[in-house]
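Participant: Mind looking at a prediction? Sequence and model below.
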Amino acid sequence: MLSTNPCMLSAISDSNVEDGYPDSMILTAGAAAGFEALLWPMAQGYFGPAGNLPDGLARRCANEGLAFLLDVDVTRFPNSHPLVSDQPALFAGRRSVEREGPVDPRVATPAAGEAQARLRDDGAIDALLPVIADQLVALLKQGVHGFCLAQADRIAPDFIRMLIARLRAHKADVAFFARGRGLTGAAGHALLGVGLDGLISSVDRRNLRSSALVQERHDMWPVAKLIAEPHFAQLPDDLVAPSVAVAAATADGMIFPLRMVRQHPDLTKQVVEIARQVMPFAGEMRRLNGAGSPVVALLRADTADMRDCGAAALVLINTTGSVHPAPAAADLLAVAGAAFASLDAAAFADLQPAEVRVTTARRAPPVLIGSAKDGAVAAARLPRLVVEAVSPRVEGGFPVKRVVGETVVVEASIFADGHEQLAAELLWRPADRDEWSVVPMVELSNYWWQADFATTRIGRHEFVIEAWLDRFGGFTRDFRKKLAAGVATSIDHAEGRLLVTQARDRSKGALKKALTTFVTGLKRDDNAALLLSDELATVMARADDRPHVVRSAVQPLDAERLAARFSSWYELFPRSQSPVPGKHGSFADVIARLPAVRDMGFDTLYFPPIHPIGTANRKGPNNTLTPAPGDPGSPYAIGSPDGGHDAIHPELGSLDDFLRLVDAARDHGLEIALDFAIQCSPDHPWLKEHPGWFAWRPDGSMKYAENPPKKYQDIVNVEFYAEDSVPGLWTALRDVVLLWIERGVKTFRVDNPHTKTLPFWEWMIGDVRARHPEAIFLAEAFTKPAMMYRLAKVGFSQSYTYFTWRDNKAELTDYITELTTTAPKEFYRPHFFVNTPDINPLFLQTSGRPGFRIRAVLAATLSGLFGVYSGFELCEAAPVPDKEEYLHSEKYELRQRDWAAPGNIIADITMLNRLRRAWPALQTHLNTRFYTAHNDRIIYYGKAAPDGGDMILVMVSLDPHNAQEADFEVPLWEFGLSDTDSIAVEDLAEGHRFNWHGKIQHIRLDPDLPYRIWRIAPGDIA
């Protein structure tokens, strides 16, 4: 008996068959390689001469351990056969004329050649089957083990079934294969159940990009095994080996020409080895990767359905002529349709040119965790209602950020099984209160519920959603429908009475008394009005026992003062404010500058560190390591014998001078912000007083700070987890902040917070704001988004951003869209500083005055937080060559300026801050929406007022050198207007009023005026 995946030698059209006999050495070699059978052609036809079978061939096959199979065409009969003349309707034959001259129709034409039996016609089984079966039985008696039916597509399936049954009654293990046109396509399904052992595949296995390979197997698997028969004569020599290997790996058996045994002895063994490897996997076959992949991956299961298999063969086929890496295991097995254990890495080593690799993948056992005791009881206690997708929400349990007084819209998906009515409430409270404020939630659509509240106090708040089954509400809803349809019954009235009675029984006091009155009034069935009354609904709501009540997780919320979301910052170095060139400035000099800062419209005045500056490794001009006597050094090298973070640099003045400055700034409507930089000069008192707060090298030295490629030789860093740092260092830093708050500072710009530990910031900011919720912390964190967002989550109110490097339309649009539509919108407030002492952006270096105006209007109108470092208004941009740094940086030397220098943009900045104060739409980034302007060098966006009554439109050319024009769309649809309607326009920058007629307008922006700011509102008059 043949194996389930037979490898057969074939003598069909083989030149190695001489005088009707195969070469004995080839036959022996084939058997030794593992082939199981010899497929022999009936060269002279099925009913040919008796000597059609070579003498002793069956015996020779038996001696080699080979089954002897015949390739027969049972449709071929000689014209001389009696059945041809007895059953002419069952045959198609050729006629020939043996004499010359005209054909005489009166004379019968003698038959010649063969007749072909019509084995699909009615009557063929009765008339021809016995004769054909007898002939095949006779061949079995001569040592034949099986047959391959040629042209099986010309034979009726029932004929084949009955033929096989007759022969197996004679010899139970007789093998039957079939070949023919279309048999491995749709027509092959008719052969299901006829008893075939295999079908000769019609798919060209060289075309691995085609879906035919997998489709043929899917279609034919229920019918019979698929036997590959590559057409080697058509292949170039270099394709023979890979084609044979592919055929062996993708079929259920192989027909291999005898001549190949001699020509390719190694390939002969490889074919059998591959066939044996895939033999157990004769079920479903799936393709695991794309048709264009250089390495084709196929998976063959051991069952008809991959999902039920116990194991599978992974077949990798390198279709290229070069070494190629295997696909990643995870990419393949993820689409396999079953879970397989991890394969050895060797299975995915690089494949050699045209290599075919077969690896067995075993089914991985499922994870079984057992069943919990009393699981059903525990499950019944689980929430029946679902409250999910609560917003606003911040992942990790961190607080949502809002401004005090701002409406907080809370939404959630709330639902339950069935059609029962639900009720939900929003509960919120300040964190220092026990009682909750309650707001009923309203269902909008698709289980989406909404409510809102507004905070009235600065500080930490929290909110939750509570939902339950509203049984009385559900009853009244359904009862109204039944009454309207005229189908309400006594049972419906009784159901309502029962709900009221149950509510009375569980109530006490005045509520019980009120419900008793309703119970008394509901004795009859003519009381529908009372059941549906608002009075009863109100009382029942108070008595509701809230069945299946569920609460969402508590969501904290920080209500901060408005300056956390909307503020205009101006940064200056106090030491540069002296009007005398070369003289160190003081706090008194800053007081003299306050009116100018106020008149530009700023409300926050920010100083870099004002603490004593160390002398060890002091920096000279342009960050050199060779300071001259009198060079002031960097204010970020904090600490000297005069003190540390709690002290003031003596040349700036005294503490009393600083307090006078704070008071004077307040009188000008300005708030002082300080830099909180957690770093020390080597001269800082802490190094001697608290050496355990630092990480020391074995030689007693300390590594200076770096931010490659920048080096800060004048700075050393504290170590948050050093021997004595917890809690000593942590509390000392917290106390520094508290000290400056006592001195009137509420806002802190924190230097490089991403280089300090996150747990410290979460604790420190939380501790400070628990005492002083008005405190604001700005993160100067130019780092990866994940860290910037995490800093916001742990407590920072604002953050520097990537705006500094977003110059083109796509970059700006994508960045603002991310900040306004994704998770950061709930906790991250972008502070758009146009420049800093550390950053002289390339755009400003190369764009001249128009570029400064462009960046100013973008920063001031895109975000509620806008910042300028002094000198920007004078269009300062001289760089250190090839760096984004200022030449003669103020970080290392004094810089006196002419504040009225020609070409300044003070008027622009003043106008922008005036508009920001006047129009609430410009006081947040969250309302920014981008609109269409058909020019990639022009950006165009709108900011709707909080009540939606009007909108600020901003259009900016991003080209500081050339004029730009564009057609653009007026967002009339935002106000419910048609594309042809008109709307009044106020030019807020230039002071003009006019009307736009229709949606499409045109604009030209020149470098001399690279922006427009309009206000539009329906109903206004131009």
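Facilitator: Everything's here; your move.

Participant: remind me, longest strand of the chain?
Facilitator: Secondary structure of the chain per DSSP state E: the longest strand is strand 459-469.

Participant: Mind listing what's buried along it?
Facilitator: Across strand 459-469, burial judged by 16 or more other C-beta atoms under 10 Å covers 459-469. In this view, the C-beta of every residue, glycine as well, is placed from N, C-alpha and C.

Participant: Same check on stretch 210-222?
Facilitator: 212-214, 216-217, 219-221.

Participant: before we move on, the earlier item: check which element follows the longest strand of the chain along the chain.
Facilitator: Next along the chain after strand 459-469, taking DSSP states H and E as the criterion, comes helix 471-485.

Participant: Pull the residues that contact that next one.
Facilitator: Helix 471-485 has contacts (C-beta atoms under 8 Å, 6 or more residues apart in numbering) with 420-421, 423, 488-489, 492, 495-496, 499-500, 503, 528, 531-532, 537, 540-541, 544, 547.

Participant: Distance from that helix to the middle of the chain?
Facilitator: With C-alpha atoms, centre = their mean, to the nearest Å as the basis, helix 471-485 stands 45 Å off its chain's centre.

Participant: Buried residues in it, which are they?
Facilitator: Within helix 471-485, the residues scored as buried using 16+ other C-beta under 10 Å are 471-476, 478-479.

Participant: Then stretch 979-999?
Facilitator: Buried residues in stretch 979-999 (16+ other C-beta under 10 Å): 981, 983-986, 988-989, 996, 999.

Participant: so how far is the first residue of it from its last?
Facilitator: 5 Å (C-alpha to C-alpha, to the nearest Å).

Participant: I figured Thr303 was touching Gly283, is that so?
Facilitator: Yes: taking contacts as C-beta atoms under 8 Å, Thr303 lies within contact range of Gly283: 4.5 Å.

Participant: between these two, what contacts are shared?
Facilitator: Common neighbours of Thr303 and Gly283, counting by C-beta under 8 Å, 6+ apart, are Cys309.

Participant: ok now the biggest helix by length in the chain, how far from the chain's centre?
Facilitator: The helix that spans the most residues within the chain, counting by DSSP state H, is helix 842-862. Here helix 842-862 shows a centroid-to-chain-centroid distance of 35 Å under the convention C-alpha atoms, centre = their mean.

Participant: ok, now stretch 313-330?
Facilitator: Distance, centroid of stretch 313-330 to centroid of chain: 27 Å (C-alpha atoms, centre = their mean).

Participant: Same question for that stretch: list its buried residues.
Facilitator: Neighbour counts over stretch 313-330 (16+ other C-beta under 10 Å) mark 313-319, 324, 326-327, 329 as buried.

Participant: With stretch 589-601 instead?
Facilitator: Across stretch 589-601, burial judged by 16+ other C-beta under 10 Å covers 589-591, 593-594, 597-598, 600-601.

Participant: Narrow those residues to those in helices?
Facilitator: Per DSSP H, the buried residues of stretch 589-601 map to helices at 589-591, 593-594, 597-598.

Participant: Need phi/psi at the spatially most central residue of the chain.
Facilitator: With distances taken as C-alpha atoms, centre = their mean, Thr822 lies nearest the centre of the chain, 13.3 Å away. Main-chain torsions, Thr822, degrees, to the nearest 10: phi -110, psi -180.

Participant: which residues of the stretch 401-550 of the chain fall in strands?
Facilitator: Per DSSP state E, counting those that start in this stretch, the stretch 401-550 of the chain carries strands over the ranges 407-415, 422-430, 437-440, 442-445, 448-454, 459-469, 550-551.

Participant: Redo those as a markdown table? Include mean pLDDT and distance to Ala779.
Facilitator: Listed next are these as a markdown table, based on pLDDT from 0 to 100; distance: least, C-beta to C-beta, whole Å:
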| stretch | mean pLDDT | distance to Ala779 |
| --- | --- | --- |
| strand 407-415 | 97 | 23 |
| strand 422-430 | 98 | 26 |
| strand 437-440 | 97 | 32 |
| strand 442-445 | 95 | 36 |
| strand 448-454 | 98 | 27 |
| strand 459-469 | 98 | 19 |
| strand 550-551 | 97 | 33 |
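
Participant: Figure out which of those strands is closest to Ala665.
Facilitator: strand 459-469 (24.7 Å; C-beta to C-beta).

Participant: so which of the buried residues of stretch 589-601 comes closest to Glu114?
Facilitator: Closest to Glu114, out of all of the buried residues of stretch 589-601 and judged by C-beta to C-beta, is Gly601, at 106.4 Å.

Participant: Nearest spatial neighbour of the closest one, chain-adjacent residues omitted?
Facilitator: Asn913 (2.4 Å; C-beta to C-beta, 6 or more residues apart in numbering).

Participant: can you count the residues close to that neighbour?
Facilitator: Around Asn913 there are 21 other residues, counting by other C-beta atoms under 10 Å.

Participant: From Trp919, how far off is it?
Facilitator: Going from Asn913 to Trp919 by C-beta to C-beta, to the nearest Å gives 11 Å.

Participant: related to what we said a few turns ago, which residues does the residue nearest to the centre of the chain contact?
Facilitator: Counted by C-beta under 8 Å, 6+ apart, Thr822 has zero contacts.

Participant: Arg357: what secondary structure?
Facilitator: Following DSSP: H, G, I helix; E, B strand; the rest coil, Arg357 is assigned to strand.

Participant: got a list of what the closest residue in space to it that isn't next to it in sequence touches?
Facilitator: In space, Arg357 comes closest to Leu316 once its chain neighbours are excluded; the distance is 4.5 Å by C-beta to C-beta, 6+ apart. Going by C-beta under 8 Å, 6+ apart, Leu316 touches 295-297, 326-327, 351, 355-357, 359.

Participant: Leu316 should be in a strand, yeah?
Facilitator: Yes: per three-state DSSP, Leu316 lies within a strand segment.

Participant: separation between it and Leu351?
Facilitator: Distance from Leu316 to Leu351, by C-beta to C-beta: 6 Å.

Participant: Would you mind grabbing the residues shared as contacts by these two?
Facilitator: 295, 326, 357.

Participant: what would those residues look like in JSON lines with distance to Gly639?
Facilitator: Formatted as JSON lines, those follow (distance: C-beta to C-beta, whole Å):
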{"residue": "Val295", "distance to Gly639": "62"}
{"residue": "Ala326", "distance to Gly639": "59"}
{"residue": "Arg357", "distance to Gly639": "66"}
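
Participant: for those residues, which one is nearest Cys148?
Facilitator: Proximity of those to Cys148 (C-beta to C-beta) peaks at Arg357, which lies at 30.5 Å.

Participant: Is the closest one in contact with Val315, as I believe?
Facilitator: Yes: counting by C-beta under 8 Å, Arg357 does reach Val315; the two are 7.3 Å apart.

Participant: Many thanks, I have nothing further to ask.
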